[in-house]
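> Give the three-dimensional model of this entry:
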Amino acid sequence: MSDNCLFCRIARHEIPAHVIHEDDRLLAFLDIQPVRPGHTLIIPKQHYPYYEDMPADLAASIVNLGQRLGRHMKRLYGVERVGFAFTGIHVTHAHAHVIPMHHPQDLTSTQYIEQQDLTFKMPAQPAQEALATTASELRAQLRGGPERAA
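Reported below is the predicted structural model:
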């Protein structure tokens, strides 16, 4: 793990996150600036700058978890599809986004945008209570039932 990488610090639990899933190799947590409620990031705990740097079996584990999470998101959020993308735009640590898609533009390429010189802004950060509720619902879905109080 990298000492100063944001996602490595989250994986070491040095920075709080609304964790959806954790095992010995992966950590899934809510994006704090979600495109839609439920927008989850899946990272390998070990530092790999980009997705193509990961061993194939680790990338497959991320895809598998994304598929499981996507099936639950469809039911939980009443959407027809869930987007999945490996990216590395803002943090140089391999990660995948799993996003319930309410509209096609929730996860799309700028190649489809007709207007030129668009400006973009980061989505608003929800209240911590809203993130905690969303994380709890998704954890319960992955575990196959209502989440038990700790």
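
> So what's the residue count around residue 24?
5 (other Cβ atoms under 10 Å). For glycine as for every other residue, the C-beta is placed from the backbone atoms N, C-alpha and C.

> Give me the pLDDT value at the closest residue in space to it that isn't next to it in sequence.
In this structure, residue 24 finds its nearest non-sequential neighbour in residue 45, 7.5 Å apart by Cβ to Cβ, 6 or more residues apart in numbering. Among the per-residue scores, residue 45 shows a pLDDT of 97.

> Ramachandran angles for the residue nearest the centre of the chain?
Central residue of the chain (Cα atoms, centre = their mean): residue 41, 1.8 Å from the mean position. For residue 41, the backbone dihedrals (degrees, to the nearest 10) come out as phi -110, psi 140.

> give me every residue that touches it.
Contacts for residue 41 (Cβ atoms under 8 Å, 6 or more residues apart in numbering) come out as 7, 28, 29, 30, 31, 95, 96, 97, 98.

> Can you tell me who it pairs with across the strands?
According to DSSP bridges, the partner residues bridging residue 41 are residue 29, residue 97.

> The residue nearest to residue 24 touches residue 11, doesn't it?
Yes - judged on Cβ atoms under 8 Å, residue 45 makes contact with residue 11 at a distance of 4.4 Å.
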